[in-house]
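Enquirer: For reference, the sequence and a predicted model appear below.
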Amino acid sequence: MMSSKYSFQRGLGSLAPTFANAVAASGGGAWDGAVDPGWFAGLAEQAGGNWWANNDGKWTVAINDAATKKMASYWGDLVNQGVLAGKPMYTPEWNKAMSDGTLLAWPSAIWGAGVLEGVAPSTKGKWKMVPMPQWDAGAAVTGYWGGSATAIWSKSKQQAQAEKFVKWLNTDPEALDAMVRQLIDVSQRMM
């Protein structure tokens, strides 16, 4: 999670008062993104939700498990209380709010620093990464939000070489270390 101006406590139960205090102290800033489906799915997974499974070749899909309902109720209450803005991300309005201090925090992945660098360059040095709040004290559980893919053009005349490169890029320790170093570098430039 990216945090601007405030550091939030780890226990999820203490999150709402912390946000409420931060919102009051800032004159109305709030954590945005409550309506993003990727964000919703990641928080459901973090809470223990399991939306799909493959058992012996048979897929089951369900998004109404107890963990998802618990998460939706908790975060929905924060939206209803006005602690979360409940507005879409990546809009001109969101970009402005990220730049002018209206938003205090943004749940994001490692790539979030690059987004901030692009939409809010004037805030460089005002953000830091903090752990996501947890349902269980002392836990370190995250959820999936987004991902990456490496594609090979179907008409490529070098498919075998491309496949070898893609395998190296995504599995070789040296390549993975280089990618992590680059992501850390981008993150440090914004923090």
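Expert: Here it is on my side, so go on.
Enquirer: which residues of this protein fall in strands?
Expert: Here the chain has its strands, by DSSP state E, at 2-4, 52-55, 58-61, 105-106, 127-129.
Enquirer: domains of the protein?
Expert: Domains of the chain are assigned by automatic domain parsing as 2-147, 148-191.
Enquirer: ranking the ones you listed by burial, who's on top?
Expert: Burial of those is given as mean neighbour count (mean count of other Cβ atoms under 10 Å); domain 2-147 ranks first at a mean of 16. Backbone N, C-alpha and C define where each C-beta goes, glycine included.
Enquirer: Export the domains of the chain as JSON lines, with columns for mean pLDDT.
Expert: Below are the domains of the chain laid out as JSON lines (pLDDT from 0 to 100):
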{"stretch": "domain 2-147", "mean pLDDT": "75"}
{"stretch": "domain 148-191", "mean pLDDT": "85"}
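Enquirer: show me where this protein has helices.
Expert: Using DSSP state H, the helices of the chain run over residues 15-26, 37-46, 66-80, 92-100, 112-119, 159-171, 173-190.
Enquirer: Just put these in a markdown table and tack on distance to Trp106.
Expert: Below are these laid out as a markdown table (distance: least, Cβ to Cβ, whole Å):
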| stretch | distance to Trp106 |
| --- | --- |
| helix 15-26 | 13 |
| helix 37-46 | 10 |
| helix 66-80 | 14 |
| helix 92-100 | 7 |
| helix 112-119 | 7 |
| helix 159-171 | 27 |
| helix 173-190 | 12 |
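Enquirer: Compare those helices and give me the one nearest Thr142.
Expert: helix 37-46 (5.9 Å; Cβ to Cβ).
Enquirer: ok now the closest one, how far from the chain's centre?
Expert: Relative to its parent chain, helix 37-46 has a centroid offset of 9 Å by Cα atoms, centre = their mean, to the nearest Å.
Enquirer: Distance of the most centrally placed residue in the chain relative to Ala140?
Expert: By Cα atoms, centre = their mean, the chain has its centre lying nearest to Ser108, at 2.3 Å. To Ala140, Ser108 is 17 Å away according to Cβ to Cβ, to the nearest Å.
Enquirer: go on, Leu169?
Expert: 28 Å.
Enquirer: same thing with Gln158?
Expert: In terms of Cβ to Cβ, Gln158 sits 42 Å off from Ala140.
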